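Trainee: Got a sequence here, can you build the structure:
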Amino acid sequence: MRAEFTGDLVDDATLLRILDAAHRAPSVGNSQPWDFVVVRDPATLTRFAAHVAGKRIEFRDSLPPERARTFEPIKIEGITESGTGIVVTHDDSRGGPQILGRATVPETGLYSTVLAIQNLWLAATSEGVGVGWVSFYDAPFLTDLIELPAGIRPVAWLCVGPVREFQQTPDLERFGWRDRRPLGDAIHWERY
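Mentor: Predicted structure coming up:
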């Protein structure tokens, strides 16, 4: 997806429909622990892109040579090309100390935020807007960059923008990083 961004911005009406879909995600105890920080300032995009480029190099340098060669042509970001970043954050305290459904599985709060990301992604795709999830960053760097308050954690930087086309095969498969497992390998009946 990241190589397919046209460079145009998503218009505000479309962006708000996408964010509305994300905000309608189900959440444990209806806690709605997410927030969305929309980043369009070119200076901020460029600064984050430089940070990510450094992290990409660190990862490449940690790989065995044959994996590094496979990884090298894979574009892992589209921060400046997309023109819009959406940082999805998580507030674990949202909803108070007793959140219905989190008493025995506290991670469901974070899972709820991830559901919002999934809703955002599906809504964007239906609007012809591409999404790329950037995960090569240090959380403290991003926290400082967008001035997150204490207790709020970044979960995802999503590059969001119009695309020339949607690839039928994900980049990581196309470039030989990893194939999709067959569905049959992921389904278990009654017991693992």
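
Trainee: Residue 189 should be in a helix, yeah?
Mentor: No - under DSSP: H, G, I helix; E, B strand; the rest coil, residue 189 sits outside any helix and is assigned coil.

Trainee: so after the longest strand seen in the chain, what's the next helix or strand?
Mentor: For the chain, the strand with the greatest residue count under DSSP state E is strand 152-162. Downstream of strand 152-162, the next assigned helix or strand under DSSP states H and E is helix 171-174.

Trainee: chain center to that next one, what's the gap?
Mentor: Relative to its chain's centre, helix 171-174 lies at 17 Å (Cα atoms, centre = their mean, to the nearest Å).

Trainee: other SSEs contacting the helix or strand following that helix?
Mentor: With elements assigned by DSSP H and E, the helix or strand that comes after helix 171-174 is helix 183-186. The contact analysis (3 or more Cβ pairs under 8 Å, 6 or more residues apart in numbering; DSSP states H and E) places helix 183-186 against no helix or strand. (Each C-beta comes from the backbone N, C-alpha and C, glycine too.)

Trainee: mean confidence score for helix 183-186?
Mentor: For helix 183-186, the mean per-residue pLDDT is 90.

Trainee: go on, stretch 27-41?
Mentor: For stretch 27-41, mean pLDDT is 95.

Trainee: end-to-end on that stretch?
Mentor: 30 Å (Cα to Cα, to the nearest Å).

Trainee: Of all the residues in the longest strand of the chain, which ones are buried?
Mentor: Residues of strand 152-162 classed as buried by neighbour count (16 or more other Cβ atoms under 10 Å): 152, 154, 155, 156, 157, 158, 159, 160, 161, 162.

Trainee: Kindly confirm my reading that residue 51 forms part of a helix.
Mentor: Yes - assessed with three-state DSSP, residue 51 lies in a helix.

Trainee: Can you give me the neighbour number for the spatially closest residue to it that is not a sequence neighbour?
Mentor: Leaving aside its sequence neighbours, residue 51 sits nearest to residue 141 (Cβ to Cβ, 6 or more residues apart in numbering; 5.5 Å). Counted with other Cβ atoms under 10 Å, the neighbours of residue 141 add up to 16.

Trainee: Check the secondary structure at residue 141 for me.
Mentor: Assigned with three-state DSSP, residue 141 falls in the helix class.

Trainee: related to what we said a few turns ago, off-centre distance for the longest strand of the chain?
Mentor: Using Cα atoms, centre = their mean, the offset of strand 152-162 from its chain centre is 5 Å.
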